[in-house]
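Undergrad: Sequence and predicted structure below; questions after.
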Amino acid sequence: MSAQPLDDANEFLLAGGVTSAKFETIGTTVSGTICRKPEVQQQREIDSGKPKFWDDGKPRQQIVIHLQTTIRDDQLDDDDGIRAVYVRGNMLRAVREAVRKAGDVLQVGGTLAVTYAGDGERKAAGFNPPKLYSATYTPTGDAAVADVLAAVPAAPAAAAITRPPSVSAETWDALPRETQEALAAAMPQF
């Protein structure tokens with residue numbers, strides 16, 4: 001049984017309902033394994049949901065990255081730990097630097113950690129200072145892991161976690177438990 005990438009219809013079907021990562025206090029870190037293909041989308045106004053544009057009329061873009069984390073919110077039914085990180089502004093600079101330093105590209109199976117590192121200089125009265133971020137990125141060296149994760153939108157629970165033979169022991173040991181469970185569930189023949 002080989003894992004197939006999600007087609008556009010399934011990606012659309014499964015795209016909603018993901019909890020956003022929150023960076024409310026300095027020092028907050030959200031980290032996890034990228035479990036869906038990162039996508040570029042237009043930013044939206046928080047209150048109205050209308051698309052945002054720059055002064056020149058170009059759309060304001062952001063990257064949405066879904067991370068399988070160990071975060072769980074008791075207030076959410078069936079919280080699977082997946083968090084959407086909306087990468088724009090200062091966070092975009094930090095993630096860009098981390099990806100360049102890793103010498104790779106964002107990919108399913110890679111591990112991303114983003115930290116709210118501090119506040120920048122307030123630019124105008126009445127506005128909060130901009131948040132500053134740091135980030136680290138570790139790409140996956142194992143294509144089999146990325147292929148399986150691309151086909152698994154969430155990390156379903158698995159009774160036993162057995163390393164698939166196609167995944168190296170080193171890569172397997174470096175994966176979070178939730179990712180191991182998702183792989184084991186996606187590859188039941190192992």
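TA: It's in. Numbering: from 1, shown residues only.

Undergrad: and the next element down the chain from the longest helix anywhere in the chain?
TA: Among the elements of the chain assigned as helix by DSSP state H, the one spanning the most residues is helix 89-102. Proceeding N to C from helix 89-102, the next assigned helix or strand is strand 111-119, under DSSP states H and E.

Undergrad: now the strands for the protein?
TA: Counting by DSSP state E, the chain forms strands over residues 19-20, 29-34, 39-42, 61-68, 82-87, 111-119, 131-138, given from the N-terminal end onward.

Undergrad: nearest to R100, of the ones you listed?
TA: Taking Cβ to Cβ as the measure, those were each checked against R100, and strand 131-138 came out nearest at 9.0 Å. In short, each C-beta sits where N, CA and C put it, glycine included.

Undergrad: what mean pLDDT does that closest one have?
TA: Summarised as a single mean, pLDDT over strand 131-138 is 94.

Undergrad: Ok, stretch 30-49 next?
TA: Predicted confidence along stretch 30-49 averages 91 (mean pLDDT).

Undergrad: Report the separation between the two terminal residues of it.
TA: 25 Å (Cα to Cα, to the nearest Å).

Undergrad: go on, stretch 51-65?
TA: Length of stretch 51-65, first residue to last, Cα to Cα: 19 Å.

Undergrad: ok so, going back, what angle do the longest helix of the chain and strand 111-119 make?
TA: Relative orientation of helix 89-102 with respect to strand 111-119: 130 degrees, computed using axes from the mean of the first three to the mean of the last three Cα atoms, to 10 degrees.

Undergrad: Convert the C-alpha atoms of helix 89-102 to CSV, please.
TA: Below are the C-alpha coordinates for helix 89-102, written out as CSV (Å, rounded to 0.1, in the frame of the first residue of the first chain):
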residue,chain,number,x,y,z
GLY,A,89,5.8,40.2,8.6
ASN,A,90,8.6,39.6,11.2
MET,A,91,7.8,35.9,11.4
LEU,A,92,8.3,35.6,7.7
ARG,A,93,11.8,37.0,8.1
ALA,A,94,12.6,34.6,10.9
VAL,A,95,11.3,31.5,9.1
ARG,A,96,13.0,32.6,5.8
GLU,A,97,16.3,32.9,7.7
ALA,A,98,15.8,29.5,9.3
VAL,A,99,15.0,27.7,6.1
ARG,A,100,18.0,29.3,4.3
LYS,A,101,20.3,28.3,7.2
ALA,A,102,19.0,24.7,6.9
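
Undergrad: Okay then, goodbye and thanks.
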